[in-house]
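Novice: Sequence and predicted structure are below.
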Amino acid sequence: MGRTNPKIVPAAKNALDQMKYEVAGEIGIANYQQLDKGDLPSRVNGKVGGNMVRKMVAFAEQAMAQGNVNQVRMTVPPEPFGTQGQ
């Protein structure tokens, strides 16, 4: 069973999923949505995630450069499991 990180903005789930499939298509992985991700090498899944992060950072940098700091709301992620109250 796969492990998932909690979403900081749960309402963004659909947009993130769509971005994932677009990025996979851009790097040449057809039908990524239908593939069993457990059958893919971690390098392939990591490439998709890494390219998603690059796009999100570019979006944030562009918004900040244009002075749209309201689009880039910095939040503190939840504490990792096992570190609460330490």
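Specialist: Structure received.
Novice: contacts and neighbour counts: CA atoms only from here.
Specialist: OK.
Novice: mean confidence for stretch 42-56?
Specialist: Taken as a whole, stretch 42-56 has a mean pLDDT of 93.
Novice: Could you list the buried residues of it?
Specialist: Residues of stretch 42-56 classed as buried by neighbour count (16 or more other Cα atoms under 10 Å): 48-49, 51-52.
Novice: Residue 20 sits in which helix or strand?
Specialist: Following DSSP states H and E, one finds residue 20 within helix 13-26.
Novice: who does that helix touch, helix- and strand-wise?
Specialist: helix 42-65 (3 or more Cα pairs under 8 Å, 6 or more residues apart in numbering; DSSP states H and E).
Novice: Now render the buried residues of stretch 42-56 as JSON lines, adding distance to residue 39.
Specialist: Below are the buried residues of stretch 42-56 laid out as JSON lines (distance: Cα to Cα, whole Å):
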{"residue": "48", "distance to residue 39": "15"}
{"residue": "49", "distance to residue 39": "16"}
{"residue": "51", "distance to residue 39": "20"}
{"residue": "52", "distance to residue 39": "20"}
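Novice: thinking again about what came up before, now the helix holding residue 20: mean pLDDT?
Specialist: For helix 13-26, the per-residue pLDDT averages 93.
Novice: Show the contacting residues for residue 27.
Specialist: Residues near residue 27 by Cα atoms under 8 Å, 6 or more residues apart in numbering: residue 48.
Novice: re the thing from before, report the backbone C-alpha coordinates of the helix holding residue 20 in PDB.
Specialist: Output of helix 13-26 as PDB, limited to C-alpha atoms (Å, rounded to 0.1, in the frame of the first residue of the first chain):
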ATOM      1  CA  LYS A  13      -6.000  17.700  -5.200                       C
ATOM      2  CA  ASN A  14      -7.800  17.700  -8.600                       C
ATOM      3  CA  ALA A  15      -5.500  20.300 -10.000                       C
ATOM      4  CA  LEU A  16      -2.400  18.500  -8.800                       C
ATOM      5  CA  ASP A  17      -3.600  15.200 -10.200                       C
ATOM      6  CA  GLN A  18      -4.200  16.900 -13.600                       C
ATOM      7  CA  MET A  19      -0.700  18.500 -13.500                       C
ATOM      8  CA  LYS A  20       0.700  15.000 -12.700                       C
ATOM      9  CA  TYR A  21      -0.800  13.500 -15.800                       C
ATOM     10  CA  GLU A  22       0.200  16.500 -18.000                       C
ATOM     11  CA  VAL A  23       3.800  16.300 -16.800                       C
ATOM     12  CA  ALA A  24       3.900  12.500 -17.400                       C
ATOM     13  CA  GLY A  25       2.700  13.100 -20.900                       C
ATOM     14  CA  GLU A  26       5.300  15.800 -21.400                       C
END
